[in-house]
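A.B. asks: sequence unknown, structure follows:
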């Protein structure tokens, strides 16, 4: 890695890493610190770092830093869905009742996402909340695109099953 490369990676990936950390439950201040720590590690290790996919390395380092923070604080990640996700889904005028129903729906989706494995919920968030393509996710996680597609397919099916069970329990 060269200094220019790190600067380019910072411009391209810092925002994605930050948004992802927020989505998995990291407080804003901690997410900013983790992004800064991640890129400082990249800068410190740039001479010794021999990585085929530097953006995947940065993504992995940031996630590991977040998990370390969770262990230190005895706190565990949870899926968080931005309210704008549902606001953008419905492009019509709304009254107060519809807004309240959306917030309730958001909480229900978060509950079901928290029942999934961290891998499954993280992939679903990357794909549907951050709106990343299969290729972008495969680059970030340093996995094959076919593996991402298969895992996302299974994650969607598991989500559907858990959602059906959740709806039945609510009835």
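C.D. replies: Yes, it's here. Not measured: the values here are computed from a predicted model.

A.B. asks: could you list the low-pLDDT ranges of the protein?
C.D. replies: Scanning the chain for pLDDT under 70 picks out 1-4, 46-49, 51, 74-102.

A.B. asks: can you do 50?
C.D. replies: By pLDDT under 50, the weakly predicted segments of the chain are 1-3.

A.B. asks: host element of the residue nearest in space to the middle of it?
C.D. replies: In the chain, the centroid-proximal residue (C-alpha atoms, centre = their mean) is residue 20; its distance is 3.7 Å. If you go by DSSP states H and E, residue 20 is part of helix 3-23.

A.B. asks: same question, residue 135
C.D. replies: Here residue 135, judged by DSSP H and E, is contained in helix 134-141.

A.B. asks: for that helix, which residues meet the burial criterion?
C.D. replies: Buried residues in helix 134-141, defined by neighbour count with 16 or more other C-beta atoms under 10 Å: 134, 136-141. (Glycine included, C-beta is placed from N, CA and C.)

A.B. asks: okay, how far is it across stretch 132-147, tip to tip?
C.D. replies: Across its full length, stretch 132-147 reaches 15 Å end to end, with C-alpha to C-alpha, to the nearest Å as the criterion.

A.B. asks: that concludes my questions; thank you for your assistance.
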